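Q: Let me see the structure of the following:
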Amino acid sequence: MDASVRPCGGVFMTTLGFDELLTTARGVAAESVLVVTGAGISLASGIPTFRGTDPGAVWANEVTQKGTRAYFKLFPHESWKMYLQRLELARKAKPNAAHAALVDWERWQTGQGGGFTVVTQNVDSLHEQAGSQALVKVHGSLQLARCSARGCELGPPTGTIPLETLDFSAFHASPSAETVPRCPSCRSRVRPHILWFDEYYSEHLGYEIERVYDLARQGRLVVFIGTSFSVGVTESIRAFALKRRTPMFSIDPSGVAPPQGIQAVTGRAEELLPELVRSLRG
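A: Coordinates of the predicted model:
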């Protein structure tokens with residue numbers, strides 16, 4: 001049988017690069033693994049991607065200007081409508097087999113004396129629901145808001161507000177700039193705790209970008225899952241790994257070649273990751 005075709009669940013699937021990933025993962029069992037997840041890992045849970053080819057891809061329906069601080073300043077209610085709609089999708093979603101397998105991989109890796117961290121670009125809570133312990137939400141969270149006023153204790157660089165503590169009843173009844181919830185501290189409008197396209201990772205300590213850089217420097221294996229490599233953090237991690245000659249892999253079903261220095265593992269994460277963990281446990 002061709003080494004690039006493996007049985008899974010009674011069917012055969014193409015898994016180009018899988019054996020190389022497995023061998024590398026075994027070799028760094030007592031060291032540090034960094035996993036970077038993008039929107040593609042949550043697609044099987046029913047959450048559309050941003051730049052993917054799936055019918056619900058946000059990129060096909062929303063212009064980049066909407067995901068910005070500038071847009072929020074002009075149309076705060078429209079900005080909130082967009083994020084609350086995505087929150088409803090996220091609330092209905094459940095972790096899929098890929099999320100669960102990462103939890104199992106983390107347990108196995110730490111059991112071998114190694115380190116394992118997931119850095120997610122996703123703002124849903126599926127990794128937390130699945131049970132991931134070492135997790136960095138580098139783009140923020142749909143579960144959090146923060147004050148839009150600079151200098152407020154509930155704004156940057158550290159402040160956040162649990163979304164569930166805010167009263168959106170007036171907003172839901174009549175969405176407008178006037179009904180956007182206000183900060184309980186200074187009465188400025190609240191905003192989603194999301195990294196927007198016209199902002200920097202360094203603007204809020206909650207994004208933990210310095211920790212991400214440290215993890216990229218320390219990692220002995222980097223695995224990208226379901227990412228389009230279109231955001232700054234993936235390029236930064238790749239640059240650190242290239243400098244240290246750290247093996248990098250990208251799990252993605254599209255077959256599109258990842259950036260230089262990253263080996264493609266062609267297949268669906270919800271199928272490949274459980275098989276990977278089973279093989280590691282051997």
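Q: Can you tell me how far residue 253 is from residue 161?
A: 37 Å (Cβ to Cβ, to the nearest Å). Just so you know, the C-beta spots here come from the backbone N, C-alpha and C atoms, and that holds for glycine as well.
Q: I meant residue 236, not that one.
A: Distance, residue 236 to residue 161, using Cβ to Cβ: 28 Å.
Q: can you list the domains in the protein?
A: 1-46+96-139+201-282, 48-92+147-194 (automatic domain parsing).
Q: what is the mean pLDDT for the shortest one?
A: Predicted confidence along domain 48-92+147-194 averages 88 (mean pLDDT).
Q: Show me the helices in the stretch 1-150 of the chain, by range?
A: Listed in chain order, the helices of the stretch 1-150 of the chain (DSSP state H, counting those that start in this stretch) span 18-27, 58-61, 69-74, 76-92, 97-111, 126-130.
Q: helices and strands around the fourth one, which ones?
A: Counting by 3 or more Cβ pairs under 8 Å, 6 or more residues apart in numbering; DSSP states H and E, the packing neighbours recorded for helix 76-92 are helix 69-74, strand 140-147, strand 190-194.
Q: what element comes up after the longest one heading to the C-terminus?
A: Sequence-wise, the next helix or strand beyond strand 140-147 is strand 161-162, with elements assigned using DSSP states H and E.
Q: What is that following strand packed up against?
A: strand 140-147.
Q: And the contacts of the strand it packs on?
A: Applying Cβ atoms under 8 Å, 6 or more residues apart in numbering, the contact partners of strand 140-147 are 83, 86-87, 90, 123-125, 153-156, 159-164, 166, 181, 183, 185-186, 188, 190-195, 204, 206-207.
Q: same deal with stretch 246-256?
A: By Cβ under 8 Å, 6+ apart, stretch 246-256 touches 17, 20-21, 24, 40, 53, 219-227, 229, 238, 240-241, 258, 261-269, 272-273.
Q: and these, which are buried?
A: 17, 21, 24, 40, 219-227, 229, 238, 240-241, 258, 262, 264-269, 272-273 (16 or more other Cβ atoms under 10 Å).
Q: so of those, which ones are in helices?
A: Among the buried ones among the contacts of stretch 246-256, the members found in helices (DSSP state H) are 21, 24, 238, 240-241, 269, 272-273.
Q: between these, which is nearest residue 68?
A: Closest approach to residue 68 among these (Cβ to Cβ): residue 238, at 25.0 Å.
Q: follow-up on the earlier one: between residue 236 and residue 161, which is the more surrounded one?
A: More neighbours surround residue 161 than the other of residue 236 and residue 161, with 20 against 15 (other Cβ atoms under 10 Å).
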